[in-house]
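A.B. asks: From the sequence below, what's the structure:
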Amino acid sequence: MKTCIMFLMAAIAACVFAGCGSDSEFDSGNNNSTPAYHVVSLVNGDLGDKSFFDSAESGLARLSADGIITHRTIAMGGDVDDQPVWLKTLYDVSGSGQYDLIICGTYQMSGYLDEVAGQYPDQKYLIYDAESIHPNVANILYKQNEMGYVLGVFAALMTTRSDFDRINPDKVLGFVGGMDMPVINDFLVGFIEGARSIEPDIRVDTRYVNSFVDTATAKALATQMIATSRCDIVWGVAGLSGNGAAEAVSELGAWFIGVDSDQEQTLPGEIAAVTLTSGLKNIGDSVVWFFDQWQAGVTYWGKTVSLGLKENGVGIVTTGNFRNMPFDVQNAVIIAIQNVMTGKIRVSSTFDDNTGYVTSLRDPVLP
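C.D. replies: Just a heads-up that it's a prediction; the model follows:
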């Protein structure tokens, strides 16, 4: 049985820089002639999402620039039709014997990794934002429910400020999720609990794209939220798809909240201007930490590391547009962060043993 280890990471920057493009493969250079580790990263999507996978790539790029690794990133596509490629590629790189570490992420890869890692017991793997059952796999999880709670507090405080630009008198928030599944709903659970802690009667219009790479559908969903439900703040938790929701928000006069990295820094100017803040899932920083630990002789094979606000594994952006928010709102957000970190507030999770909780929380607050 895996051991869940809580650790205190070194200070992690609030802003995670975006990755470098969306080519199907990326081979890094290295200014160290004898790198410590040869690494391949398998992306079950595409680079250029300005969010989840770009965050992971930013950490690998930093490690490469520091001469700690050489790395190759293979972007395998994120559609359902691409999934056979995910498994084949995982088998190919595992059987090649070329890599000290094979990295992948998301729950969509965990089943494939369970199949392959058991057949290559001498190969080391790292999976982020998911878990595997094998002793040759290190696992990193993130407490996105804690991040969601803080953003729920923030969004509820802002949607009640009808004197603020682009805020209407209705108390309705929007949530565009990639898929209706536990990790995405973990964001949502925290978001609703945080929002209701401020405004018990608030409404949250929750809709799912059923894809992490379908910007058109996400844009259509966000358009309906704003036009029909009168949402004035929409949180996009859908990877690349979320960028479509951001486009709708910009065009229709609402506000956007980003996810995984500081999307104010990566989205086009007119969309960045309406991005209030972003929830941070510090994937790149956690990957850097993992290699720092490995170099120091500390390993996590067969173990799970769980990172929340206290460990700087998740957070929110408190720079940029956030600093233009009312001071009392900013202060309330800081207090919420402190309360979660100290345990004064415990945020529910979809990973708790509480069958049906998501539905019981989500459905009653629909507009």
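A.B. asks: I'd like to know how many residues surround the nearest residue to residue 263 once chain neighbours are set aside.
C.D. replies: Among residues not flanking residue 263 along the chain, residue 278 sits closest, at 4.8 Å (Cβ to Cβ, 6 or more residues apart in numbering). C-beta coordinates here come from the backbone N, C-alpha and C atoms, glycine included. Look at residue 278: counted by other Cβ atoms under 10 Å, it has 32 neighbours.
A.B. asks: One more: the one 3 residues further on?
C.D. replies: When neighbours are defined as other Cβ under 10 Å, residue 281 has 28 of them.
A.B. asks: quick revisit: my guess is the residue nearest to residue 263 meets residue 315, correct?
C.D. replies: No: at 9.5 Å, residue 278 and residue 315 do not qualify as touching, with contact defined as Cβ atoms under 8 Å.
A.B. asks: If I look at residue 253, what pLDDT would I see?
C.D. replies: With respect to pLDDT, residue 253 scores 97.
A.B. asks: Give me the phi and psi for the closest residue to it other than its chain neighbours.
C.D. replies: Excluding its sequence neighbours, the residue lying closest to residue 253 (Cβ to Cβ, 6+ apart) is residue 166, at 5.5 Å. The phi and psi values for residue 166, taken as degrees, to the nearest 10, are phi 70, psi 0.
A.B. asks: And for residue 296?
C.D. replies: In terms of degrees, to the nearest 10, the main-chain angles of residue 296 are phi -80, psi 0.
A.B. asks: Count the neighbours of it for me.
C.D. replies: Using other Cβ under 10 Å, residue 296 has 8 other residues around it.
A.B. asks: Just the local confidence number for it, please.
C.D. replies: Note for residue 296: predicted pLDDT of 93.
A.B. asks: how much space between it and residue 290?
C.D. replies: Distance from residue 296 to residue 290, counting by Cβ to Cβ, to the nearest Å: 11 Å.
A.B. asks: can you check residue 248 too?
C.D. replies: Applying Cβ to Cβ to residue 248 and residue 290 gives a distance of 36 Å.
A.B. asks: These two: which has the busier surroundings?
C.D. replies: A side-by-side neighbour count of residue 248 and residue 290, using other Cβ under 10 Å, places residue 248 first with 26 against 22.
A.B. asks: Can you list the residue ranges for helices in the stretch 51-200 of the chain?
C.D. replies: Applying DSSP state H, counting those that start in this stretch to the stretch 51-200 of the chain gives helices spanning 52-65, 83-96, 107-117, 144-159, 182-198.
A.B. asks: now the fourth one: mean pLDDT?
C.D. replies: This predicted structure assigns helix 144-159 an average pLDDT of 98.
A.B. asks: That helix: how far from the chain's middle?
C.D. replies: 15 Å (Cα atoms, centre = their mean, to the nearest Å).
A.B. asks: Show me what that helix packs onto, helices and strands only.
C.D. replies: strand 172-177, helix 182-198, strand 233-237, strand 255-260, strand 275-281, strand 314-316, helix 327-342 (3 or more Cβ pairs under 8 Å, 6 or more residues apart in numbering; DSSP states H and E).
A.B. asks: Quick check: which of those has the most neighbours on average?
C.D. replies: Ranked by mean neighbour count under mean count of other Cβ atoms under 10 Å, these are led by strand 233-237, which reaches a mean of 30.
A.B. asks: Helix, strand, or coil at residue 42?
C.D. replies: What DSSP: H, G, I helix; E, B strand; the rest coil gives for residue 42 is strand.
A.B. asks: Who is it paired with across the strands?
C.D. replies: For residue 42, the beta-bridge partners under DSSP bridges are residue 74.
A.B. asks: change the start of the numbering to 441 and stick with it
C.D. replies: New numbering, starting at 441: the last item is residue 482.
A.B. asks: the domain parsing of the chain - what is it?
C.D. replies: Split into domains by automatic domain parsing, the chain comes to 444-583+722-747, 584-721+753-805.
A.B. asks: any idea which of those is most buried?
C.D. replies: Among the domains of the chain, the stretch with the highest mean neighbour count (mean count of other Cβ under 10 Å) is domain 584-721+753-805, at a mean of 21.
A.B. asks: For the residue nearest in space to the middle of the chain, name its beta-bridge partners.
C.D. replies: Ranked by distance to the mean C-alpha position of the chain (Cα atoms, centre = their mean), the top residue is residue 700 at 3.7 Å. Residues in a beta bridge with residue 700, per DSSP bridges, are residue 720.
A.B. asks: Alright, that wraps it up for me.
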